[in-house]
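In: no sequence on this one, just coordinates:
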């Protein structure tokens with residue numbers, strides 16, 4: 001029996017569901033969809049887990065995604081494939097330092113990106129995704145509120161430029177998107193003048209400035225599917241190519257360059273923590289109930305309030 005078949009049998013036997021992020025391996029993405037799970041961004045992964053009737057949610061992604069799933073489904077068992085799989089944005093925003101920062105600016109509404117720990121979400125007024133950040137901040141700005149934003153400085157800068165909101169930015173960044181190089185991207189654009197450039201807003205401003213489309217993972221996938229161009233240069237984690245090829249098999253996809261000072265490859269945009277997810281530790285998680293996510297109840301309750309604001313706002 002193949003390892004995929006073993007996982008399928010265990011999922012069914014234990015009434016478990018596999019939810020996978022767009023950035024994990026194609027094997028895990030395919031397995032999630034074949035077994036009635038979902039491939040999506042982190043919030044939709046958690047919402048799917050909340051709304052399904054599974055007793056166990058298996059999260060193929062990174063730790064904060066498991067925490068978000070647990071926050072929305074406290075009564076369910078939530079397992080990640082490797083609890084050492086983290087996120088630089090989460091690591092860049094430790095709760096003790098962040099709380100001090102918030103305490104120094106109590107006049108500001110605290111808005112945090114989904115790529116944060118449960119404790120940081122609990123300290124926030126709002127949690128947003130890359131797809132909802134603009135609309136939420138625009139709404140708050142129109143109400144006259146000043147924003148304290150964390151943790152991604154590039155996404156925060158993008159939102160600030162688009163909305164004109166008064167935003168104080170925490171200085172975190174994504175190690176993958178930080179690597180994209182505008183000068184090399186410009187050279188690549190010259191080689192492929194008919195290509196559309198798709199950029200995730202966690203990228204540096206100079207890269208965002210070269211984009212035809214700026215958007216979340218879901219928005220970039222939809223752009224490849226729906227736009228008329230046959231070729232796309234894509235500045236986000238290359239794990240997304242699996243879903244893009246699935247929805248648009250005839251399109252040509254080119255990785256945006258990460259070459260430049262200090263680079264060790266021409267294009268190496270893949271999260272090392274996402275890469276820690278594989279079929280072997282998926283099977284191990286289901287069989288042995290490894291890497292279970294637990295969150296202090298008071299933290300989970302408070303974090304859910306800030307997430308629920310977004311869910312209600314975007315409903």
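Out: Structure's in. What do you need? This structure is a prediction, so every number in the text was calculated from the model and none was measured.
In: all strands of the stretch 101-250 of the chain, in order?
Out: Assigned by DSSP state E, counting those that start in this stretch, the strands in the stretch 101-250 of the chain fall at 109-113, 126-128, 147-150, 167-169, 196-199, 213-214, 231-235.
In: Make CSV out of these and add distance to residue 97.
Out: Bear in mind the C-beta positions are built from the backbone N, C-alpha and C, glycine included. Listed next are the strands of the stretch 101-250 of the chain as CSV, based on distance: least, Cβ to Cβ, whole Å:
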stretch, distance to residue 97
strand 109-113, 13
strand 126-128, 19
strand 147-150, 10
strand 167-169, 14
strand 196-199, 29
strand 213-214, 29
strand 231-235, 29
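In: neighbours around residue 36, how many?
Out: When neighbours are defined as other Cβ atoms under 10 Å, residue 36 has 13 of them.
In: Who is the closest residue in space to it that isn't next to it in sequence paired with across the strands?
Out: Leaving out its chain neighbours, the residue that sits closest to residue 36 by Cβ to Cβ, 6 or more residues apart in numbering is residue 17, at 6.6 Å. Beta bridges link residue 17 to residue 57, judged by DSSP bridges.
In: try the one 4 residues further on
Out: When bridges are called by DSSP bridges, residue 21 pairs up with residue 40.
In: who are the neighbours in contact with it?
Out: Residue 21 is in contact with 39, 40, 41, 42, 45, 60, 61, 62, 65, 239, 274, counting by Cβ atoms under 8 Å, 6 or more residues apart in numbering.
In: so the third one sits right up against residue 22, yeah?
Out: Yes: because the distance of 6.9 Å satisfies Cβ atoms under 8 Å, residue 41 is recorded as touching residue 22.
In: Show me whatever sits in contact with both of the two.
Out: Shared contacts of residue 41 and residue 22 (Cβ under 8 Å, 6+ apart): residue 217.
In: Counting neighbours, which of the contacts of residue 21 comes out on top?
Out: Ranked by neighbour count under the definition other Cβ under 10 Å, the contacts of residue 21 are headed by residue 60 with 32 neighbours.
In: tally of neighbours for the residue lying closest to that one once chain neighbours are set aside?
Out: Using Cβ to Cβ, 6+ apart and skipping the chain neighbours, the partner closest in space to residue 60 is residue 20 (4.0 Å). Per other Cβ under 10 Å, the neighbour tally for residue 20 reads 31.
In: Could you list the domains of the chain?
Out: 3-84+274-294, 89-173, 177-255 (automatic domain parsing).
In: how about those domains in JSON lines, adding distance to residue 315 and mean pLDDT?
Out: Listed next are the domains of the chain as JSON lines, based on distance: least, Cβ to Cβ, whole Å; pLDDT from 0 to 100:
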{"stretch": "domain 3-84+274-294", "distance to residue 315": "11", "mean pLDDT": "97"}
{"stretch": "domain 89-173", "distance to residue 315": "11", "mean pLDDT": "98"}
{"stretch": "domain 177-255", "distance to residue 315": "17", "mean pLDDT": "96"}
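In: Kindly reformat those domains as a markdown table containing distance to residue 268.
Out: Below are the domains of the chain laid out as a markdown table (distance: least, Cβ to Cβ, whole Å):
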| stretch | distance to residue 268 |
| --- | --- |
| domain 3-84+274-294 | 11 |
| domain 89-173 | 16 |
| domain 177-255 | 7 |
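In: And the ones you listed: which comes nearest residue 305?
Out: domain 89-173 (8.3 Å; Cβ to Cβ).
In: what's near enough to touch the residue nearest to residue 207 when sequence neighbours are not counted?
Out: Distance criterion Cβ to Cβ, 6+ apart; nearest residue to residue 207, sequence neighbours excluded, is residue 180 at 4.6 Å. By Cβ under 8 Å, 6+ apart, the contact set of residue 180 is 199, 203, 204, 207, 235, 256, 257, 258, 269.
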